[in-house]
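Q: Here's a sequence, model it:
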Amino acid sequence: MVDPERHHSTPSVSQLLHSELTNPSDTDKDNLDKAKHYIEENLEGVIERLVPGGSPGTLKLFDNQTEALESAWIVVEAIPEIRQAKVDLLGVLDQVLPPDVIIATNSSSFKASELADKVKNRDRLVNTHYYMPPESL
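A: Coordinates of the predicted model:
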């Protein structure tokens, strides 16, 4: 999911730094357009600064979540820090994704265990928090 108020899907940008495929999805096409614009304007400079000699990954934007999830090995939830919204989305992802797909929350406020109310296969639920720029850690 893309959040235009929070740097347009930071996980997507991070994956693109390492020549990976990323498939952000949002039902709001305006958000997707903003995310694409942000990434196109900033990715090259970020790669030059953080991954000298690196090459950009592949960005595919989707307004259909089912299409975005096809062939995924990991899905990162990156929606606003609203506990119930995260619980609901993670539960839906658990239902629709194959059992070998890792489900990650990008939450900076909640542990994965605090968001697992609707996740049946809890062994595949993890926290992963992207922080840009990494040298600021």
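Q: so what's V92 closest to, chain neighbours aside?
A: Using Cβ to Cβ, 6 or more residues apart in numbering and skipping residues adjacent in sequence, the residue nearest V92 is K118, 7.9 Å away. All C-beta spots, glycine's among them, are computed from the backbone N, C-alpha and C.
Q: Go over the secondary structure and confirm the one you found is in a helix.
A: No: under DSSP: H, G, I helix; E, B strand; the rest coil, K118 sits outside any helix and is assigned coil.
Q: who's in contact with it?
A: Contacts for K118 (Cβ atoms under 8 Å, 6 or more residues apart in numbering) come out as 87-88, 90-92, 94.
Q: between those, which is closest to L125?
A: For the contacts of K118, the closest approach to L125 (Cβ to Cβ) belongs to L90, at 6.7 Å.
Q: gap between the helix or strand the closest one falls within and the chain center?
A: If you go by DSSP states H and E, L90 is part of helix 83-96. Taking Cα atoms, centre = their mean, to the nearest Å, the mean C-alpha location of helix 83-96 is offset from the chain mean by 14 Å.
Q: Name the residues of the helix or strand following that helix that come out as buried.
A: Under the assignment DSSP H and E, the closest C-terminal helix or strand after helix 83-96 is strand 102-105. For strand 102-105, burial by neighbour count (16 or more other Cβ atoms under 10 Å) applies to 103-105.
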